[in-house]
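A.B. asks: Have a look; sequence and predicted model below, questions after that.
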Amino acid sequence: MAEKFDFIAIGSGTAAQVAVHRMADEGKRCAVIDYRSYGGTCALRGCDPKKMMVSGEEALAAFKRMEGNGINGSASIDWNELQAFKRSFTNPVPEKQQARYERKGVATFHGRARFAGPDRIKVEGNDLRFSHALIATGATPRPLGIKGEELLTHSDAFLELDTLPDQIVFVGGGYIAAEFAHLAARAGAKVTILQRGRLLKAFDPDIVEWLMSSFDDLGIEIVDAEVSGVTDNGAGLTVHAGDRTIKTELAVHAAGRVPAIGELDLEAGEVARGKSGLLLTPQLRSQSNDKVFAAGDAAANGPPLTPVSSHDAKVVVENILEDSGRKPNYRGVPSVLFTEPPAARVGALEREAREAGLDFEVNAGSHPSWFSARRLNEEIYGHKVLIEKGSDRILGAHLVGPDADELINIFSLAIRHGLTANDIQSTMFAYPTAASDAGYMVG
Ligand SMILES: Cc1cc2nc3c(=O)[nH]c(=O)nc-3n(C[C@H](O)[C@H](O)[C@H](O)COP(=O)(O)OP(=O)(O)OC[C@H]3O[C@@H](n4cnc5c(N)ncnc54)[C@H](O)[C@@H]3O)c2cc1C
Ligand SMILES: NC(=O)c1ccc[n+]([C@@H]2O[C@H](COP(=O)([O-])OP(=O)(O)OC[C@H]3O[C@@H](n4cnc5c(N)ncnc54)[C@H](O)[C@@H]3O)[C@@H](O)[C@H]2O)c1
């Protein structure tokens with residue numbers, strides 16, 4: 001006999017959590033399913049653990065910048081201790097989440113869920129029926145179709161390493177490679193990034209160029225090549241890329257992620273999919289099964305970032321409860337690269353704005369002499385802001401340097417709510433803070 005629920009979420013990451021708690025708060029009978037510990041990528045294997053470890057990196061970088069300027073002695077990263085610091089945050093997460101579900105009367109299941117019919121899910125011998133279901137299964141490393149790809153370590157395992165290897169190769173040169181390369185190199189590893197084409201393609205090329213000296217200072221080697229295979233000779237790995245062969249202790253997959261929807265038996269659930277993912281309506285509902293929705297990385301409707309997963313989940317809940325026809329709005333979603341110093345972007349890239357035929361001014365420059373950089377003895381500090389002619393609205397903002405990760409939120413607010421360059425210039429921000437530079441970046 002199948003157990004009946006108003007709402008079942010497959011996954012327990014940000015998208016599932018937000019949706020399940022909102023549905024439970026409305027008195028709906030809910031279930032949540034995950035085959036791993038509750039918490040999802042951001043809290044357990046992504047943003048949060050990474051940022052806990054980046055805290056160590058920030059402290060060491062600050063020490064190095066100020067060395068000989070009133071700060072002396074020695075400092076280094078103890079990888080094992082930094083791991084323990086990270087685990088002091090991540091270890092309690094699953095239990096806390098389980099307790100929160102139980103307090104709200106949400107049924108919790110552990111195991112791999114798969115559809116067994118258009119309103120049925122099977123998990124570990126349990127047969128569940130639903131009025132509505134949410135596919136919130138996140139993303140998984142993109143299959144590369146290269147020889148020896150099973151020898152690549154994934155980001156989850158990298159963040160769990162008890163010992164940092166002496167040599168590390170990253171396959172791909174996007175977010176994961178850049179962030180982990182900075183962390184590993186600062187902790188003492190010899191790091192190589194193998195990237196096909198330009199590094200950090202999602203970011204403005206000038207911002208990336210200004211950031212490059214930090215990679216050089218850390219001795220990170222960047223090779224423009226396509227990785228074609230990995231072999232293991234027993235004593236270590238060899239990564240093959242173009243005409244290069246690079247010997248290494250560890251090779252990390254940093255070559256993109258795709259929706260984790262391959263094991264859900266979508267056909268049994270009458271949930272249609274195309275080549276690149278689920279076929280959804282603009283309201284995030286399955287085009288073929290109106291009881292099923294998707295959100296976050298699994299939906300791949302917006303950028304694969306945590307705030308997007310949360311936003312999607314709210315849209316889905318509103319569409320289930322009120323049938324409101326609401327569509328997600330990704331305007332002004334910021335994205336931060338947590339290197340040291342960080343880089344950040346929001347809105348249009350200059351190339352995208354030109355391709356869209358927009359009429360705009362570009363305010364850009366590298367300004368290590370500005371006080372925000374000088375006081376930290378940091379050489380990297382640059383911005384590029386796109387301002388629409390006529391309306392004076394901010395179309396895009398691209399930053400690199402100390403506090404870029406916080407300052408970007410001011411531009412995010414401006415873009416999302418249609419604020420103008422003059423609105424930013426006429427706001428009195430506390431001085432001296434990073435935000436007090438925003439007015440100079442648009443004028
Ligand atoms: C290393 C790394 C760092 C990142 N850093 C940032 C950052 O700094 N900022 C940011 O905004 N974003 C970051 N991201 C992206 C962010 O983590 C994701 O966009 C976000 O966590 C996606 O949330 P979600 O709810 O869609 O899926 P997830 O949190 O991935 O949750 C999906 C869950 O579904 C479960 N699952 C999958 N299939 C099944 C099944 N068949 N049955 C049961 N359970 C299943 C999985 O075990 C998983 O727990 C990072 C990602 C990575 C990998
Ligand atoms: N700070 C953050 O917000 C953050 C941090 C980490 C991850 N993430 C999310 O996770 C996703 C995945 O991150 P990622 O770094 O794996 O992907 P990515 O899409 O950022 O970069 C992957 C890169 O790998 C390259 N590549 C692919 N195959 C290759 C090959 N065979 N040889 C050489 N290069 C190859 C691609 O050209 C691309 O530039 C991102 O899209 C991002 O949204 C976000």
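C.D. replies: Yes, it's here. Ligands and ions are numbered 1, 2, ... in the order given.

A.B. asks: which parts of the stretch 101-250 of the chain sit against ligand 2?
C.D. replies: Contacts of the stretch 101-250 of the chain with ligand 2, taken as CB under 6 Å from any ligand atom, map to 144, 171-177, 179, 194-197, 201, 226-227. Glycine gets a C-beta too; all of them are placed from N, C-alpha and C.

A.B. asks: out of those residues, which are inside strands?
C.D. replies: 171, 194-195, 227 (DSSP state E).

A.B. asks: How about the residue in the stretch 251-400 of the chain that ligand 2 sits nearest to: what's its closest non-neighbour residue?
C.D. replies: Residue nearest to ligand 2 within the stretch 251-400 of the chain: residue 255 (3.5 Å; CB to the nearest ligand atom). Nearest in space to residue 255, with sequence neighbours left out and distances taken as CB to CB, 6 or more residues apart in numbering, is residue 172 at 3.3 Å.

A.B. asks: wait, isn't residue 334 in contact with residue 308?
C.D. replies: No - proximity of residue 334 to residue 308 does not meet the contact threshold set by CB atoms under 8 Å, at 10.8 Å.

A.B. asks: Correct me if wrong: residue 12 contacts residue 40.
C.D. replies: Yes - using CB under 8 Å, residue 12 makes contact with residue 40 at a distance of 5.6 Å.

A.B. asks: which neighbours do the two share?
C.D. replies: Taking CB atoms under 8 Å, 6 or more residues apart in numbering as the contact rule, residue 12 and residue 40 both touch residue 34.

A.B. asks: Run through who's touching stretch 37-45.
C.D. replies: With CB under 8 Å, 6+ apart as the test, stretch 37-45 has contacts from 11-17, 32, 34, 36, 47-49, 90, 93-94, 97-98, 101, 108, 138-139, 155-156, 159, 297, 306, 309.

A.B. asks: Number of residues surrounding the residue lying closest to residue 195 once chain neighbours are set aside?
C.D. replies: Using CB to CB, 6+ apart and skipping the chain neighbours, the partner closest in space to residue 195 is residue 173 (2.7 Å). Counted with other CB atoms under 10 Å, the neighbours of residue 173 add up to 23.

A.B. asks: Pretty sure residue 173 sits against residue 203.
C.D. replies: No - Residue 173 lies out of contact with residue 203 (CB under 8 Å); the separation is 11.2 Å.

A.B. asks: re earlier: counting neighbours, go ahead and name the busier of residue 12 and residue 40.
C.D. replies: Neighbour count, other CB under 10 Å: between residue 12 and residue 40, residue 12 has more, with 30 against 27.

A.B. asks: Give me the mean pLDDT for stretch 92-102.
C.D. replies: For stretch 92-102, mean pLDDT rounds to 98.

A.B. asks: what's the spacing between that stretch and its chain's center?
C.D. replies: When distances are taken as CA atoms, centre = their mean, to the nearest Å, stretch 92-102 is centred 23 Å away from the chain's centroid.

A.B. asks: Buried residues of that stretch, list them for me.
C.D. replies: Across stretch 92-102, burial judged by 16 or more other CB atoms under 10 Å covers 93-94, 97-98, 101.

A.B. asks: Let me see the domain layout of this structure.
C.D. replies: As given by automatic domain parsing, the domain ranges for the chain are 3-141+258-322, 149-255, 335-442.

A.B. asks: wait, which of those is closest to ligand 1?
C.D. replies: The nearest among the domains of the chain, by CB to the nearest ligand atom, is domain 3-141+258-322 at 2.0 Å.

A.B. asks: what about the closest one, how long is it end to end?
C.D. replies: Length of domain 3-141+258-322, first residue to last, CA to CA, to the nearest Å: 25 Å.

A.B. asks: Closest residue of this protein to ligand 2?
C.D. replies: residue 174 (2.0 Å).

A.B. asks: which residues does that residue contact?
C.D. replies: Neighbour list for residue 174: 195, 200-202, 254-256 [criterion: CB under 8 Å, 6+ apart].

A.B. asks: same thing with residue 345?
C.D. replies: 202-204, 207, 334-335, 396-399, 408 are the contacts of residue 345 under CB under 8 Å, 6+ apart.

A.B. asks: How about residue 366?
C.D. replies: 210, 381-382.

A.B. asks: separation between the closest residue to residue 179 other than its chain neighbours and residue 358?
C.D. replies: Once flanking residues are discounted, residue 179 sits nearest to residue 338: 5.2 Å by CB to CB, 6+ apart. Residue 338 sits at a distance of 29 Å from residue 358 (criterion: CB to CB, to the nearest Å).

A.B. asks: Settle it for me: which of the two has more neighbours?
C.D. replies: A direct count of neighbours by other CB under 10 Å for residue 338 and residue 358 places residue 338 higher, at 22 against 14.

A.B. asks: re earlier: which single one of the residues of the stretch 101-250 of the chain next to ligand 2 is nearest to residue 436?
C.D. replies: residue 179 (27.4 Å; CB to CB).

A.B. asks: my read: that closest one touches residue 339, true?
C.D. replies: Yes - counting by CB under 8 Å, residue 179 does reach residue 339; the two are 6.1 Å apart.

A.B. asks: coming back round to it: any chance of the buried residues of stretch 92-102 in TSV with secondary structure as columns?
C.D. replies: Putting these into TSV (DSSP: H, G, I helix; E, B strand; the rest coil) gives the following:
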residue	secondary structure
93	helix
94	helix
97	helix
98	helix
101	helix
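
A.B. asks: Residue 229 belongs to a strand, doesn't it?
C.D. replies: Yes - counting by three-state DSSP, residue 229 falls inside a strand.
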